[in-house]
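Engineer: Sequence and predicted model, in that order:
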Amino acid sequence: GEDVEQSLFLSVREGDSSVINCTYTDSSSTYLYWYKQEPGAGLQLLTYIFSNMDMKQDQRLTVLLNKKDKHLSLRIADTQTGDSAIYFCAESKAGNTPLVFGKGTRLSVIA
Amino acid sequence: NAGVTQTPKFRVLKTGQSMTLLCAQDMNHEYMYWYRQDPGMGLRLIHYSVGEGTTAKGEVPDGYNVSRLKKQNFLLGLESAAPSQTSVYFCASSLGGRKQETQYFGPGTRLLVL
């Protein structure tokens, strides 16, 4: 199966919270990442979490990590239209190997 | 700093033609990557480099070649373009050699092969 899995689409109303989920398979992953891709642009790092942490909060963003279930989530509070984008989950593998990305979740924010 | 730049931004090729995509970074990063992005497929790694003069295959290397003659540049070549290579190509770079590796992406090159 896929190394990193995400649902492809999510639609929320402006002002609501968005939760984007991701599952990964490599228990040795040391860091997990969330990247954002706006239309017509490259990916930009949003945040990352070290594998020995359960939660990381950064303003409107909350990352939750359940290492036992290999489940990562990104919560965006008070979602705005500017949050409409594709969000990629990625994991780092052991050694100097490249990140493994999920297929991305397209978030649509309805005004 | 310009970060990661890609040339060209957009290109149309005929089947069988060749071309080279250029990626340049001014952050003194050791590692560089080439990805392609297709609808519903996410990002797929084509080739990467962990230092000047080195290259390695990624998930989908067939039909592409790369070179890293200078640390700041990573070139992606298509010797004989095929319609299946129609895609958006992204270059990225990272410091390298650390457990926490943030990748910095270029703006992408949109390639259409007719």
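Structural biologist: Yes, it's here.

Engineer: give me the number of residues near residue 93?
Structural biologist: I'll assume chain A. A total of 15 residues lie near residue A:93 under the criterion other Cβ atoms under 10 Å in any protein chain shown. Any C-beta I mention is one placed from the backbone N, CA and C, and that applies to glycine too.

Engineer: that's the other chain; I wanted chain B
Structural biologist: 28.

Engineer: Is it in a helix, a strand, or coil?
Structural biologist: Residue B:93 falls in the strand class when you classify it by DSSP: H, G, I helix; E, B strand; the rest coil.

Engineer: is it in a bridge, and if so with what?
Structural biologist: In this entry, residue B:93 is beta-bridged to residue B:32, residue B:104, by DSSP bridges.

Engineer: got the residues of chain A near chain B?
Structural biologist: Residues of chain A lying close to chain B by Cβ under 8 Å from any Cβ of the partner chain are A:8, A:30-31, A:33, A:40-45, A:48, A:50, A:88, A:92, A:96, A:98-99, A:101-104.

Engineer: Distance across stretch B:17-35, terminal residue to terminal residue?
Structural biologist: In stretch B:17-35, first residue to last residue: 20 Å (Cα to Cα, to the nearest Å).

Engineer: typo on my end, it should be stretch B:72-89
Structural biologist: End-to-end distance (Cα to Cα), stretch B:72-89: 18 Å.

Engineer: hang on, the earlier thing: kindly supply the PyMOL command isolating those of the residues of chain A next to chain B that are buried.
Structural biologist: Buried residues within those, by 16 or more other Cβ atoms under 10 Å in any protein chain shown, are selected in PyMOL with:
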select buried, chain A and resi 31+33+42+43+48+88+92+98+99+101+102+103+104
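
Engineer: in chain B, what residue sits furthest out from the centroid?
Structural biologist: residue B:99 (22.3 Å; Cα atoms, centre = their mean).

Engineer: what's the nearest residue to it if we skip its chain neighbours?
Structural biologist: residue A:30 (4.9 Å; Cβ to Cβ, 6 or more residues apart in numbering or on different chains).

Engineer: after the lowest-mean-pLDDT helix or strand in chain A comes which helix or strand?
Structural biologist: Ranked by mean pLDDT, DSSP states H and E, the weakest helix or strand in chain A is strand A:100-101, scoring a mean of 90. Downstream of strand A:100-101, the next assigned helix or strand under DSSP states H and E is strand A:105-110.

Engineer: That next one - which strands sit beside it in the sheet, and in what orientation?
Structural biologist: Paired neighbours of strand A:105-110 in the sheet (DSSP bridges): strand A:9-13 (parallel), strand A:85-91 (antiparallel).

Engineer: What number of neighbouring residues does residue B:54 come out with?
Structural biologist: 11.

Engineer: ok, back up a step: could you identify which of the strands paired with strand A:105-110 is most buried?
Structural biologist: Mean neighbour count (mean count of other Cβ atoms under 10 Å in any protein chain shown) peaks for strand A:85-91 among these, with a mean of 23.

Engineer: chain center to it, what's the gap?
Structural biologist: 5 Å (Cα atoms, centre = their mean, to the nearest Å).

Engineer: Could you list the alpha-carbon positions for that strand in PDB?
Structural biologist: C-alpha atoms of strand A:85-91 as PDB (Å, rounded to 0.1, in the frame of the first residue of the first chain):
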ATOM      1  CA  ALA A  85      -5.100  25.100  -1.100                       C
ATOM      2  CA  ILE A  86      -3.700  21.500  -1.300                       C
ATOM      3  CA  TYR A  87      -2.200  20.200   1.900                       C
ATOM      4  CA  PHE A  88       0.500  17.600   1.800                       C
ATOM      5  CA  CYS A  89       1.500  15.300   4.600                       C
ATOM      6  CA  ALA A  90       5.100  14.000   4.500                       C
ATOM      7  CA  GLU A  91       7.300  11.700   6.500                       C
END
